[in-house]
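> From the sequence below, what's the structure:
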Amino acid sequence: MDKYLIKYLRDNADNSILKKYIHFFKIELDWHIYNGDINISRTYHRNYKNESLRYKVSKVLQFYNALFCKDTSDPKKINILSTVYFGKNGLENLGFNEVYPVWQPLGRKNVFGDIKTIKWDLKVKDAIRCNDFNSFLDLDFVESLELFQQHLIDEYRKKDFRGLLLNTDQYFHSKYFIDIFNKLDRPTMVFSHGLPGVYSADVDNSSDYLMVWGEKIKQNYINAGFNPSKIKVTGSPKFKNLAKYKELRSDLKDILVIPTSIVWHQNEYDNTIVIDKSAVILYLYKVQKVLKSIGVKRSRYRVHPSINKQWVHKFLDNSFYIQDNENLNDSLNRSSLVIGSTSTVLLEALIAGVNYIVFEPMKNNITMLGCKPVPPFDGSEEKVMLCRTEHELEKMLKDNARTDYTLVNDYIEEFDLSVLKDIIK
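So this is what the prediction gives:
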């Protein structure tokens, strides 16, 4: 039985270019279905447009840099096009010039693109934000996108880009430019930006290489069927000089709850999940019941930034829950314990020196969101304190069970990008 609209349209398209671009726009088409309600935060909403003066000035400066500033890059170094931020001096020490595309510039320098590309990109982004669903099924529209690739190929060949670095392959621009670099016969790399919530051939598998934080993550991808030679371990630029061991804070004085999130697109073509946006609220009530049973009077909570936190707060017992609005690092540093669902915050909490108990309600090995859990949230990792029921959570809290800090070193290795020298020539 057909269950997923985008898959049906892709599979039944009578034109190869239309089929290709339905796939390219998969996530953006999903937004028309799942990303339009008040439960989505304003900045993550499909038709959000940043109108702030600061943003506008920044865009003008980025475009000015691309159009009028002289190229000051070292001609002896290899040019790469990147949408990944590695920090100061990024890849310079490895012999690369990091150049940022006008369609996703990082900062206001080293931006590459011409006026034709800028106009094209603004038009595409405006279409994603404003156009009706059926406009993406228009053959003239997708053929114009295919035709424009030749201009970009010519521009990128002149600049002699030797590789493309991305944060994901899920969005239109990522798939579109992976396709361009495939035609240029240049390698493409996706840099994973956290603990994967899904290991699937439909996610982050379009690029030539997938860069992950640690060997455990690499093995999880291999177990999911990925080619081992495709997965490279680079660590994370966000976490450097990690301690080998920490004594974790763990008591009930100042608890932070990280509820389950909600997904506003389908991850896979053949595993359609019915998205229940009330799951985040139900999760918080479940935790509240357990905490009150052991004498906790108040607790902080923070939702994923894609969720409208004001919408969530109206459903909650405000005499118990306090909305956490601090930046994540400050919030974790003040917390005495974190209770949360599947999230990269597990590792971030441990790095901040605070215990993280995973509460992931399941039935028949299916989570509240209708997903199968993945390592280290599936019970396969002994170092993680995992609760599947309220009773198990209550027992772990009473026993002051602690996740093993050394899990951090299993999943995040020392940051090292030297493998790129073997890939990008």
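> is it true that residue 402 touches residue 246?
No. Counting by Cβ atoms under 8 Å, residue 402 stays clear of residue 246, with 10.9 Å between them. C-beta coordinates here come from the backbone N, C-alpha and C atoms, glycine included.
> ok, the two, which is more surrounded?
The neighbour comparison of residue 402 against residue 246 (other Cβ atoms under 10 Å) goes to residue 402, with 18 against 15.
> now the more buried one, what's its secondary structure?
Following DSSP: H, G, I helix; E, B strand; the rest coil, residue 402 is assigned to coil.
> Domain map for this protein?
Using automatic domain parsing, the domains assigned to the chain come out as 5-186, 255-405.
> from those, which stretch is densest packed?
domain 255-405 (a mean of 18; mean count of other Cβ atoms under 10 Å).
> Just give the nearest non-adjacent residue to residue 379, would you?
residue 386 (5.7 Å; Cβ to Cβ, 6 or more residues apart in numbering).
> Any figure for the gap between the one you found and residue 250?
Distance of residue 386 to residue 250, computed by Cβ to Cβ, to the nearest Å: 16 Å.
> Excluding chain neighbours, what is closest to the spatially most central residue of the chain?
The geometric centre of the chain, computed from its C-alpha atoms, lies nearest to residue 193 (Cα atoms, centre = their mean), at 5.9 Å. Closest residue in space to residue 193, ignoring its immediate chain neighbours: residue 167 at 5.4 Å, by Cβ to Cβ, 6+ apart.
> Next up, the contacts around that neighbour.
With contacts defined as Cβ atoms under 8 Å, 6 or more residues apart in numbering, residue 167 is in contact with 83-84, 174, 190-191, 193.
> hmm, try it at 10 Å
Residues near residue 167 by Cβ atoms under 10 Å, 6 or more residues apart in numbering: 82-85, 104, 174, 190-193, 204.
> from those, which single one is nearest residue 348?
For these, the minimum distance to residue 348 (Cβ to Cβ) is 12.2 Å, reached by residue 193.
> So that closest one: helix, strand or coil?
Residue 193 ends up coil, using three-state DSSP.
> backbone phi and psi for the residue lying farthest from the centre of the chain, please?
Centroid-distance maximum for the chain: residue 295 at 36.4 Å, with Cα atoms, centre = their mean. Backbone geometry at residue 295, expressed as degrees, to the nearest 10, gives phi 100, psi 10.
> got the CA coordinates for the helix or strand harbouring residue 117 in PDB?
In the assignment (DSSP states H and E), residue 117 maps to helix 115-130. Output in PDB follows, covering the C-alpha atoms of helix 115-130 (Å, rounded to 0.1, in the frame of the first residue of the first chain):
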ATOM      1  CA  ILE A 115      25.500  38.000  -9.800                       C
ATOM      2  CA  LYS A 116      23.900  35.400 -12.000                       C
ATOM      3  CA  THR A 117      24.200  32.800  -9.200                       C
ATOM      4  CA  ILE A 118      23.100  35.200  -6.600                       C
ATOM      5  CA  LYS A 119      19.900  36.000  -8.500                       C
ATOM      6  CA  TRP A 120      19.300  32.300  -9.200                       C
ATOM      7  CA  ASP A 121      19.800  31.400  -5.500                       C
ATOM      8  CA  LEU A 122      17.400  34.100  -4.300                       C
ATOM      9  CA  LYS A 123      14.800  32.900  -6.700                       C
ATOM     10  CA  VAL A 124      15.100  29.300  -5.600                       C
ATOM     11  CA  LYS A 125      15.000  30.100  -1.900                       C
ATOM     12  CA  ASP A 126      12.000  32.300  -2.500                       C
ATOM     13  CA  ALA A 127      10.300  29.400  -4.300                       C
ATOM     14  CA  ILE A 128      11.000  27.100  -1.400                       C
ATOM     15  CA  ARG A 129       9.600  29.600   1.100                       C
ATOM     16  CA  CYS A 130       6.500  30.800  -0.800                       C
END
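> From the contact counts, what lies against that helix?
helix 26-34, helix 53-68, helix 139-159, helix 172-183 (3 or more Cβ pairs under 10 Å, 6 or more residues apart in numbering; DSSP states H and E).
> orientation of the second one relative to helix 115-130 in degrees?
Direction vectors for helix 53-68 and helix 115-130, defined by axes from the mean of the first three to the mean of the last three Cα atoms, to 10 degrees, enclose an angle of 150 degrees.
> partners of whatever helix or strand comes next after helix 53-68 in the sheet?
Counting by DSSP H and E, the next helix or strand C-terminal to helix 53-68 is strand 78-82. In the sheet containing strand 78-82, its partner strands are strand 96-101 (parallel), strand 161-166 (parallel), by DSSP bridges.
> Keeping just the C-alphas, turn the last one into PDB.
C-alpha atoms of strand 161-166 as PDB (Å, rounded to 0.1, in the frame of the first residue of the first chain):
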ATOM      1  CA  PHE A 161      37.400  23.500  -6.800                       C
ATOM      2  CA  ARG A 162      38.700  20.100  -5.800                       C
ATOM      3  CA  GLY A 163      36.100  19.100  -3.300                       C
ATOM      4  CA  LEU A 164      32.700  20.000  -1.700                       C
ATOM      5  CA  LEU A 165      32.100  19.900   2.100                       C
ATOM      6  CA  LEU A 166      28.600  19.900   3.500                       C
END
